[in-house]
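Trainee: model this:
(2 chains)
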Amino acid sequence: MADAAPPSKSRDLDKLLLRPGNLVGPTFDPGVQLRDDLQEYARVLVVGAGGLGCELLKDLALSGFKNLEVIDMDRIEVTNLNRQFLFRLEDVGKPKAEVAAKRVMERVSGVNIVPHFCRIEDKDIEFYNDFNIIALGLDSIEARSYINAVACSFLEYDSDDNPREETMKPMVDGGTEGFKGHARVIVPGVTPCFECTIWLFPPQVKFPLCTLAETPRNAAHCIEYAHLIKWDEVHSGQAFDPDNPDHMKWVYDEAVKRAELFGIPGVTYSLTQGVVKNIIPAIASTNAIISAACTLETLKIASGCSKTLSNYLTYNGVEGLHTKVTEFVKDKDCLVCGPGVLIELDTTVTLKKFIDMLEEDPKVLMTKASITYHGKNLYMQAPPVLEEMTRSNLELPLYDLMDKIPKDVLHATGTINKDDKKSSGLRKLRVVFKGIDGVTDMDMAGGA
Amino acid sequence: MAEPKTKYDRQLRIWGEQGQAALEKASICLLNCGPTGSETLKNLVLGGVGSITIVDGSKVEFGDLGNNFMVDDSSLGQSKAKCVCSFLQELNDAVKAKFIEEYPEALIDTNPSFFSQFTLVVATQLVEESMVKLDRICRQENVMLIFARSYGLSGLVRISVKEHTVIESKPDHFLDDLRLNNPWPELRGFAEAIDLNVQDPVAHKHIPYVVILVKMADEWRTSHGGTLPSTREQKREFKELLKARMAATDEDNYKEAIDASFKLFAPQGISLDLQQIINDSCAEVGSSSSDFWVMVAALKEFIANEGGGEVPLEGSIPDMTSSTEHYVNLQKIYQAKSEADYLVLEDRVRNILKKIGRDPYSIPKATIKSFSKNARKLKVCRYRSIEDEYNNPSPAELQKYLTDEDYSIAVGFYILLRAVDRYAANFNHFPGQFDGGLDEDISRLKTTAVSLLNDLGCSGLTLTEDLINEMCRFGAAELHAVAAIIGGIASQEVIKV
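Mentor: Numbering: from 1, shown residues only, chains lettered A, B, ... in the order given. Predicted coordinates:
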């Protein structure tokens, strides 16, 4: 050997982080300091500990990150074992986040992973602000939408409506279906956010088994009950074949019976087919590819060691292998990553009145809103203790609660009612009080 | 143990029972178990591959702990193959896992027949010289081979298989097999029994579009000398005709008919790709022909005889607006025809098997059925040998891609990945592998790349300084995330072949 370097655990990573290069990001400052800072200060949150989340945790732990946290509300199931490699048969029933964190820490020494076994909505918004980068390994649009809204809510705009760099919370997002997948980088204010390109995602259907067994709400639930539960009870051992018209007809008939029992309208033969054939298949290899791509992007964002993906990569291994990078553009009127919904108020409007207004505002449409102002709870719907503590604010003028600042940003969390669908959501609201000197004019220009 | 069906549920939905059975029968050999190899195998072990054999002669070093999840602090100084093997076994006890502590290069030189016992070899992080040798061995022994290499932020996956045939190719976008332009008697009979001018509005808007199109096509033929719309103008006219027959503006079945009318205009008979397959010299079968080609020979006969120029019907129909009764009946008509076609094909397969001196029942029913249903989607892939790739480059192709903005970086890395092997053969280390003398390495790599380009017949072209610098900066590092990508791709390809 030419020169025996002292043994380093980051032997391979060091080449990338300690040496200068020509094809690197603009902020790249190679050296031991960079590597150590990455270990010491970079904090990454992995959202989801499923197929992608398991891979992300492993990949990040082996890519120079030492401070990781993971959040997931699910417990381990048998069908997870074909790809969620951190879980074993004896783990079935345990929280995914806790087992995943434990396994990675056991194998990669020096890495610290804090698990959070809860819903993403259960955490304060400020919890998410604590991370440098958020990596998303999710399979639901609603959850992506929520985290996206949270990350975008931290984004502040200067008086010229330019996004302020220090308030940008970058995200990397992955998704897979069978042999196909995507990886993307979202830097709020710079790249399009999830909501700017929501049209990329066709509507998806997914129901928990307990809903099917106990509380069906719509036609699809009745169909899935007949297909997933009733079929096996009646035809023990015989596999269901979606291409066999007699099988499909049987499921349809059973679904109709169930729908009648529950008084649910809308079960048709056509819907039966649509529902029964729509399950998102998942395999280990695609998850591995997409998660690793996301991890590389995370490393690139954090270190600048190479140019980041700009901004959406698709991978298709169905026939041959095709990858494509598309640079999507920001929706400048996006309600989520834009400067925020502008609301003009009189200084006399009370917090209660304001909350009521949010239900009606066509750009917000939020019920049961909780309001925070720079991390301070103005009114919280839950838990009861906080509700009681903040209830007295309801009758106070919002202007006073905002310390008589004529123009500022509030955060509202609650239920968003859009297209007949309810979902948890967060909105950034730019409140401007009318009749305060100099403000109205300026904002007329900004909000136009 | 968990019910395998449940455990593998999410993948059975992709490749079905047959695919899973093939995977469970496969025995796979991995050469070198750095992160690239380990990650490749991980994905296959999780999927339930039959057996794995790991070949690696090295011991776990400190640096391995930073890039390979399959080793941990307690592995230091032990056989890497052994440590990786035991971790992989933990992932799935249904997989038979073993290891051999030996360097792959040595095995390739001293014991080439070793490789004949495997279905497939995954060779990772091998240099050019060993790749050529191994490829020669595997081709001779009819063992599939996949090369995977991670190098800094670059890498490659190369499949080397003499011939790979696919029955269920499951393409993303494929026209339904509806035979609208060429209906068989039962389908026509079904359509004729339905009155398009039915007065009841509920009945009218529940006539499936298949029926509408079959009947309207007949009507068109009568007034157009027996031909279907072919020019753009005629197609437009046909759609207008459909629109005119709508009884109300909200009739989804007619809207679907208009949208689906292109299926009627599609040419009859088989695709060029399929034409090429049935005309392949392998379709002249003998006693040594594979099952696939025996079935192709039978298919060729079917098309020429019973099929009247068409393949066996696939038998499934897409969802469409319809009364349940019509839809279910229509499904049954398509299924019945598909089944009848399959039986004819099966007969022909059995006859051919007899003719070439094989047991007529040596190909299972299920295989022939799947072949019959997927006849339009058959695929044959052939990969040229590594030796051929190296000795007979295609300068025109290389030049084209090197000067194409979208591909120049990818091709640049392809050339540099080969250049670093040449470099290593000359200097006994990879450029940038050690921290000292980077500048010298860069200029040496540049010279090596120039001479390689020369040999490839692209002497006029150069690679950018940036790219060469970058390659030296990589210094043969095997990054975990890159390895996971390359390993993921490699395992996906393994599953496909």
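
Trainee: Residues in contact with stretch B:386-396: which ones?
Mentor: With Cβ atoms under 8 Å, 6 or more residues apart in numbering or on different chains as the contact definition, stretch B:386-396 has outside contacts at B:128, B:131-132, B:135-136, B:147, B:158, B:160, B:455-458. Using the backbone N, CA and C atoms, a C-beta is placed for each residue, glycine as well.

Trainee: Which member of these is positioned nearest B:P431?
Mentor: Closest approach to B:P431 among the contacts of stretch B:386-396 (Cβ to Cβ): B:E128, at 14.8 Å.

Trainee: Would you mind measuring from the residue lying closest to B:L12 once chain neighbours are set aside to chain A?
Mentor: Leaving aside its sequence neighbours, B:L12 sits nearest to B:Q20 (Cβ to Cβ, 6 or more residues apart in numbering or on different chains; 5.8 Å). As judged by Cβ to the nearest Cβ, to the nearest Å, B:Q20 and chain A stand 10 Å apart.

Trainee: doesn't B:Q11 make contact with B:Q20?
Mentor: Yes - using Cβ atoms under 8 Å, B:Q20 is in contact with B:Q11, at 7.2 Å.

Trainee: So for the two, which residue has more residues nearby?
Mentor: B:Q11 (25 against 18; other Cβ atoms under 10 Å in any protein chain shown).

Trainee: Give me the contacts around stretch A:112-123.
Mentor: If you take Cβ under 8 Å, 6+ apart as the criterion, stretch A:112-123 is touched by A:47, A:49, A:57, A:61, A:66-73, A:95-98, A:100-102, A:104-105, A:143, A:146-147, A:413, A:424.

Trainee: Give the buried residues for it.
Mentor: For stretch A:112-123, the neighbour count (16 or more other Cβ atoms under 10 Å in any protein chain shown) marks A:113, A:115-117, A:120 as buried.

Trainee: coming back round to it: looking at the contacts of stretch B:386-396, which is nearest chain A?
Mentor: B:R158 (11.6 Å; Cβ to the nearest Cβ).

Trainee: what's the burial count for that closest one?
Mentor: Residues within reach of B:R158, counting by other Cβ under 10 Å, total 18.

Trainee: what's near enough to touch A:E327?
Mentor: Counting by Cβ under 8 Å, 6+ apart, A:E327 touches A:310-312.

Trainee: Can I get these in CSV including distance to B:N43 and secondary structure?
Mentor: Output for the contacts of A:E327, formatted as CSV (distance: Cβ to Cβ, whole Å; DSSP: H, G, I helix; E, B strand; the rest coil):
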residue, distance to B:N43, secondary structure
A:S310, 28, coil
A:N311, 27, coil
A:Y312, 24, strand
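
Trainee: List, out of these, those positioned next to chain B.
Mentor: Among the contacts of A:E327, proximity to chain B is found for none (Cβ under 8 Å from any Cβ of the partner chain).

Trainee: in the chain, which ranges drop under the pLDDT threshold?
Mentor: Reading this off chain A. In the predicted model, chain A carries pLDDT under 70 at residues A:1-7, A:201-208, A:210-211, A:215-217, A:243, A:277-280, A:319-320, A:437-448.

Trainee: actually it's chain B I care about, not the one you picked
Mentor: Along chain B, segments meeting pLDDT under 70 span B:1-6, B:13, B:169-173.

Trainee: rerun that using 80 as the cut-off
Mentor: Across chain B, the ranges flagged by pLDDT under 80 are B:1-19, B:168-175, B:250, B:318-325, B:327-328, B:405-406, B:436-437, B:459-462, B:481, B:483-497.

Trainee: which stretches of it form strands?
Mentor: Assigned strands in chain B, in chain order: B:27-31, B:51-55, B:96-100, B:120-124, B:144-151, B:154-160, B:164-166, B:379-381 (criterion: DSSP state E).

Trainee: Any part of the longest helix anywhere in chain B near chain A?
Mentor: Among the segments of chain B that qualify as a helix by DSSP state H, the longest is helix B:324-355. Yes - Helix B:324-355 comes into contact with chain A (Cβ under 8 Å from any Cβ), by way of B:324, B:327-328, B:331-332, B:335.

Trainee: For the stretch 101-250 of chain A, which segments are assigned as strands?
Mentor: Remark: strands assigned in the stretch 101-250 of chain A by DSSP state E, counting those that start in this stretch are A:112-116, A:133-137, A:171-177, A:180-186.

Trainee: Around chain B, pick out the residues from the stretch 251-400 of chain A.
Mentor: So far as Cβ under 8 Å from any Cβ goes, the stretch 251-400 of chain A lies against chain B at A:252, A:268-270, A:273-274, A:279, A:281-289, A:291-293, A:295-296, A:299, A:306, A:316-319, A:321.

Trainee: Please list the members of the residues you listed that lie in helices.
Mentor: Judged by DSSP H, helices contain the following of those: A:252, A:269-270, A:273-274, A:284-289, A:291-293, A:295-296, A:299.

Trainee: Which residues are in contact with the residue lying closest to A:K368 once chain neighbours are set aside?
Mentor: Excluding its sequence neighbours, the residue lying closest to A:K368 (Cβ to Cβ, 6+ apart) is A:G414, at 4.7 Å. For A:G414, the contacting residues are A:358, A:366-370, A:381, A:424-425, by Cβ under 8 Å, 6+ apart.

Trainee: what two of the residues you listed have the greatest distance between them?
Mentor: Based on Cβ to Cβ, the longest span within the contacts of A:G414 runs between A:L358 and A:S424 and measures 14.4 Å.

Trainee: For the residue in chain B that chain A sits nearest to, list the residues it contacts.
Mentor: Relative to chain A, the nearest point of chain B is B:G63 (3.0 Å; Cβ to the nearest Cβ). Contacts here follow Cβ under 8 Å, 6+ apart; on that basis B:G63 touches A:7-12.

Trainee: now A:L86
Mentor: Contacts of A:L86 were listed using Cβ under 8 Å, 6+ apart, and they are A:49, A:54, A:57-58, A:99-100, A:103-104.

Trainee: rerun that using 7 Å as the cut-off
Mentor: Going by Cβ atoms under 7 Å, 6 or more residues apart in numbering or on different chains, A:L86 touches A:54, A:99-100, A:103-104.

Trainee: and it, that's in a helix?
Mentor: No - in this structure, A:L86 is coil, not part of a helix, as judged by DSSP: H, G, I helix; E, B strand; the rest coil.

Trainee: Roughly how far does it sit from A:V431?
Mentor: Distance, A:L86 to A:V431, by Cβ to Cβ, to the nearest Å: 45 Å.

Trainee: what number of residues lie near the residue nearest to B:D250 when sequence neighbours are not counted?
Mentor: Closest residue to B:D250 apart from its sequence neighbours, by Cβ to Cβ, 6+ apart: B:K205 at 7.6 Å. Using other Cβ under 10 Å, B:K205 is surrounded by 19 other residues.

Trainee: residues touching the residue most central in space within chain A, list them.
Mentor: Centrality entry for chain A: nearest residue to the mean C-alpha point is A:R144, 2.8 Å, by Cα atoms, centre = their mean. Contacts for A:R144 (Cβ under 7 Å, 6+ apart) come out as A:136, A:138, A:173, A:194.

Trainee: Now do the contacts for whichever residue of the stretch 101-250 of chain A sits closest to chain B.
Mentor: Here the stretch 101-250 of chain A gets closest to chain B at one residue, A:P245, 4.1 Å apart by Cβ to the nearest Cβ. Taking Cβ under 7 Å, 6+ apart, we find A:P245 in contact with B:328, B:331-332, B:335.

Trainee: about what we covered before: show me which pair in the contacts of A:R144 is furthest apart.
Mentor: Among the contacts of A:R144, the pair separated by the greatest distance (Cβ to Cβ) is A:L138 and A:F194, at 10.3 Å.

Trainee: Which of these two has more residues huddled nearby?
Mentor: Set side by side, A:L138 and A:F194 show more neighbours around A:F194, with 26 against 21, by other Cβ under 10 Å.

Trainee: which parts of the stretch 251-400 of chain B sit against chain A?
Mentor: B:316, B:319, B:324, B:327-328, B:331-332, B:335 (Cβ under 7 Å from any Cβ of the partner chain).

Trainee: Would you format those as JSON lines with neighbour count and distance to A:N129 included?
Mentor: Listed next are those as JSON lines, based on neighbours: other Cβ atoms under 10 Å in any protein chain shown; distance: Cβ to Cβ, whole Å:
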{"residue": "B:S316", "neighbour count": "16", "distance to A:N129": "51"}
{"residue": "B:D319", "neighbour count": "14", "distance to A:N129": "46"}
{"residue": "B:T324", "neighbour count": "16", "distance to A:N129": "54"}
{"residue": "B:Y327", "neighbour count": "24", "distance to A:N129": "54"}
{"residue": "B:V328", "neighbour count": "17", "distance to A:N129": "56"}
{"residue": "B:Q331", "neighbour count": "22", "distance to A:N129": "55"}
{"residue": "B:K332", "neighbour count": "14", "distance to A:N129": "60"}
{"residue": "B:Q335", "neighbour count": "18", "distance to A:N129": "58"}
